[in-house]
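Visitor: sequence unknown, structure follows:
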């Protein structure tokens, strides 16, 4: 049966509640739920409580699931933020979707170069600036408002809606995999589809995302003297850990971006003609991309190469060095122990376990050639696999229809250069199909200074979710 | 005329006043005169006042010289600690020495890993632990006690003694150069020799120091995108500033410590046979040096090479990188602007102006080969010259005689790997000869946790200064 869809009423309801939605987002952004900083853990707990309370107030069947503790480098432990699960409706005749999202955020400080206080949501010309606004608080709220809108107008939800909201996404989703495995036959038993809205569009055109890169994140630690030394008094007598570290980091990637670690490039699936054609058709303006990030020249000058290296080829980034002098001004120190942080984005058909061995073997062999008395320790602290969906799956066809209804355009089918490791876990554990349906703008500045969510994306995105539930209701059950 | 020297009486006086000297040092160490912390500036002012009062109470002609203000990064200014000058005796028939010292200290906190409260001088087995004990409060007091001892026994000072004591040494001696230039023809007009006791011995054997290295401190900034980018979302599309920076830093120095910047090594004065012989005779235990700094292998395995590279060859140290991720944990960032801090210790016959050009030209040319669209900016923020004295100068002969009298050994003639820029300033401005006469122990832990001054060095050091004044009295006037 095709049920009546009160889209216009729902859409008007959303429009007329815009200020309320913005205020809720402001309240959420005000919580500094930076999961990378254990000192902020109380804020993370509070954020999970607020999320649970919100869903409970809406009549959801809510649980705060204890997922254990996090081990700190000093051997101590600290409680992980609980995972919030919620359920709205349990009609066995309906499809059941499960929306995944997270309410923890990346670190942010005003002095990093923010134009506004990062935890005070600030509206400038319809753009709502604040840490976590786009990643991922507004999308989570948009899903919550979707259910609220149906409830407020007393319209039956076309599908059963479940939520799984975590508070450790930015720090590797610790404990979540185990929780999903543990609830495979309970919470997830009746779930038909999983929806993730933790990414963004590529341009002003709405998009559906069908792939993400994985991430292998490495620490390379070089340890020398037992404590920092004065560079005047000791310089010239010791082989400095920093020199060794710089030396091995410089062997990872060529100036033109070629990964120099043996075996990495060979593992990558070749670009098919079909892919080439798809990339060619995607709406993407290289010049505006360049001006957005403020560079005069990119790694590749044509659209297909650029998108391919953004989405479906691996890359190496050196993030920084812990233990060396990093302040402003000058300090005449020989750092005793330095730890480089670098990561390699994974793509099909790479395997994190193999990458770990390739990187580790390579760096130890490069280091051995230096004949340094210092000690090198290479560890892979994150090994997240890439994820790839079939764009012909009915879930994506439903997505295209919803985009068409709300925005009156065909969505771009895109991939994500970043990593959403949980997608791969959901797929592997539950065996269910997944769709990524972003509502964030292409210029939201995720993980950067001046992150924002635009009112347009927040509000029209909520409508997209409303329309999508309607479309999903008409899919044949898997 | 050779005057009678009451060394034994003076020496006994010093021995019998040991507890009083320790108490004065305790009072001085209790003042947290950390010049790097503007919040401690009142303590620095108090320390200068205490120094002036002490010298005044002894009948010296004392001045507190205003040397202006320090500009802070926020544009505000704060008064610099005044410089204390003092004069004891003005007999034109006597030599006049000027003792330079400082009473400001490096930062120290108990939680940095001190075993005792850093500002509470604590005696453990005759070692007096406290911040600034060795660097430079006890040596300054030893000079003051030297004058006091002569006065107490009503023995005429064999030379006129002047003091110039500052309170900004640990932070770059702001304002001191200008003050020396300004007083060239007044305070310094009758000074024959300058004595600096702001360093330490190399072993348990007393030493005279005849050289220090200079320091050229560089910032190398690579700027790319206009803000930090997410490494997942943008990795593979931009040429990352960090990759460029690592690439150019890796061209500064070879794994074995060879400086690769053209022209640097060529400028270094060759090691003479005489120097080689001197180094060979110096008391220095490589094994205890290794275990002190906690490394299994040094850059050079024989004493002469090691000491030469510590004192009279240049070295490159990479101190760290500003702007990159430097915290614990992981962050998936492509830093937009990264600034490496590195320094090259200067030795004769290098010239900082030439080094600046060599380093800058080299890095720009290395960077140009990378064909990166990022921008490189190399600046030299410190260009301090090395200082080298003639060990055959009568000033050093007098030093050897004083050491022989007090310790009954020949002193080691050593150099200092670090930089004492004021030595070069004194030399250049006043044209007078300088001697560095350390009394600190080799294991005093300057700038480190658990800094200490041993009672032995403090007391015997005072006797050394007493003996030295006697020896200097017999030098021919320059």
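Guide: Done, it's in. Please read all numbers here as calculations on a predicted model, not as lab measurements.

Visitor: Please identify the residues of the stretch 101-250 of chain A in proximity to chain B?
Guide: A:106-107, A:112-113, A:171-172, A:213, A:215, A:217, A:224-227, A:229-240, A:242-244, A:246-247, A:249-250 (Cβ under 8 Å from any Cβ of the partner chain). (Each C-beta comes from the backbone N, C-alpha and C, glycine too.)

Visitor: Those in strands, which ones?
Guide: Under the assignment DSSP state E, those contribute A:215, A:217, A:229-230 to strands.

Visitor: Reformat those as a markdown table; add neighbour count.
Guide: What follows is these, written out as a markdown table (neighbours: other Cβ atoms under 10 Å in any protein chain shown):
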| residue | neighbour count |
| --- | --- |
| A:215 | 27 |
| A:217 | 23 |
| A:229 | 25 |
| A:230 | 16 |
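
Visitor: got the residue ranges for the helices in the stretch 251-400 of chain A?
Guide: Using DSSP state H, counting those that start in this stretch, the helices found in the stretch 251-400 of chain A span residues A:273-281, A:286-293, A:303-311, A:352-370, A:394-407.

Visitor: Now tabulate these in TSV and tack on distance to residue B:398 and mean pLDDT.
Guide: Formatted as TSV, those follow (distance: least, Cβ to Cβ, whole Å; pLDDT from 0 to 100):
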stretch	distance to residue B:398	mean pLDDT
helix A:273-281	82	92
helix A:286-293	67	92
helix A:303-311	71	96
helix A:352-370	48	98
helix A:394-407	90	97
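
Visitor: May I see those helices organised as TSV, with mean neighbour count and distance to residue A:9 added?
Guide: Formatted as TSV, the helices of the stretch 251-400 of chain A follow (neighbours: other Cβ atoms under 10 Å in any protein chain shown; distance: least, Cβ to Cβ, whole Å):
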stretch	mean neighbour count	distance to residue A:9
helix A:273-281	13	35
helix A:286-293	15	37
helix A:303-311	21	38
helix A:352-370	17	48
helix A:394-407	20	14
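
Visitor: okay, those helices in CSV with distance to residue B:74 next?
Guide: Below are the helices of the stretch 251-400 of chain A laid out as CSV (distance: least, Cβ to Cβ, whole Å):
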stretch, distance to residue B:74
helix A:273-281, 49
helix A:286-293, 30
helix A:303-311, 40
helix A:352-370, 42
helix A:394-407, 48
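
Visitor: who wins for proximity to residue B:10 among those?
Guide: Closest to residue B:10 of the helices of the stretch 251-400 of chain A is helix A:352-370 (Cβ to Cβ; 55.8 Å).

Visitor: and that closest one, does that touch chain B?
Guide: Yes - for helix A:352-370, a contact with chain B is found by Cβ under 8 Å from any Cβ, at A:369-370.

Visitor: If you drop the residues flanking it in sequence, what lies closest to the most centrally placed residue in chain A?
Guide: Centroid-nearest residue in chain A, with Cα atoms, centre = their mean: residue A:420, separated by 5.0 Å. Among residues not flanking residue A:420 along the chain, residue A:212 sits closest, at 4.9 Å (Cβ to Cβ, 6 or more residues apart in numbering or on different chains).

Visitor: wouldn't the one you found be in contact with residue A:422 here?
Guide: No - counting by Cβ atoms under 8 Å, residue A:212 does not reach residue A:422; the two are 10.0 Å apart.

Visitor: Same drill for the two, tell me which one is more crowded.
Guide: Higher neighbour count among residue A:212 and residue A:422: residue A:212, with 31 against 24, using other Cβ atoms under 10 Å in any protein chain shown.

Visitor: Contact partners for that one?
Guide: A:199, A:386-387, A:415-420, A:423, A:436 (Cβ atoms under 8 Å, 6 or more residues apart in numbering or on different chains).

Visitor: Looking at the residues you listed, spot the one nearest chain B.
Guide: The shortest approach to chain B among these belongs to residue A:418, at 2.7 Å (Cβ to the nearest Cβ).

Visitor: can you confirm that closest one is in a helix?
Guide: No - assignment of residue A:418 by DSSP: H, G, I helix; E, B strand; the rest coil gives coil, placing it outside any helix.

Visitor: what separates the closest residue to it other than its chain neighbours from residue A:347, distance-wise?
Guide: Once flanking residues are discounted, residue A:418 sits nearest to residue B:232: 2.7 Å by Cβ to Cβ, 6+ apart. For residue B:232, the distance to residue A:347 equals 12 Å [Cβ to Cβ, to the nearest Å].

Visitor: Could you pull out the residues contacting both of these two?
Guide: In terms of Cβ under 8 Å, 6+ apart, residue B:232 and residue A:347 are both contacted by the residues residue A:213.

Visitor: where does chain A have low pLDDT?
Guide: Within chain A, the segments meeting pLDDT under 70 span A:1-3, A:477-478.

Visitor: Tell me how it divides into domains.
Guide: For chain A, the structural domains run A:7-212+A:386-473, A:215-269+A:312-384, going by automatic domain parsing.
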